[in-house]
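Peer 1: Okay, sequence plus prediction incoming.
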Amino acid sequence: MKIIRLAAVKEATGLGRSSIYKFMDEGTFPKSIRLTGKSVGWIDQEIEAWVQERIAERDKKS
């Protein structure tokens, strides 16, 4: 397991910062974890699972 920062989450998902935080607020995106006062990160496996779910949804509709 690895903690990744926002830049890596954006790269992995193709989403922008505001979309990531909006989806987190809606409960449809993995929550960040607090690292220090203002620093947050995400668990890489949770982001990978979220991407895989999007792929599965796409394939189901095909």
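Peer 2: Received it, and whenever you're ready, just let me know what you need. Residues are numbered from 1 along each chain as shown.

Peer 1: In the protein, where is pLDDT below threshold?
Peer 2: Segments of the chain classed as low confidence (criterion: pLDDT under 70) are 62.

Peer 1: can you map out the strands along it?
Peer 2: 3-4, 33-34, 40-43 (DSSP state E).

Peer 1: what lines up beside the second one in the sheet?
Peer 2: When you say that, I think you mean strand 33-34. Strands that pair with strand 33-34, judged by DSSP bridges, come out as strand 40-43 (antiparallel).

Peer 1: rewinding a little: so which of the strands of the chain is the most packed in?
Peer 2: When neighbours are counted by mean count of other CB atoms under 10 Å, the highest per-stretch mean among these falls to strand 40-43, a mean of 18. Placement of C-beta: from N, CA and C, glycine included.

Peer 1: quick one on the thing from earlier: now distance to residue 18 too, for the strands of the chain, in JSON lines please.
Peer 2: Compiled in JSON lines, those are given as follows (distance: least, CB to CB, whole Å):
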{"stretch": "strand 3-4", "distance to residue 18": "18"}
{"stretch": "strand 33-34", "distance to residue 18": "20"}
{"stretch": "strand 40-43", "distance to residue 18": "15"}
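
Peer 1: quick one, which of these is nearest to residue 17?
Peer 2: With CB to CB, the closest approach to residue 17 among these belongs to strand 40-43: 11.5 Å.

Peer 1: Good, wrapping up.
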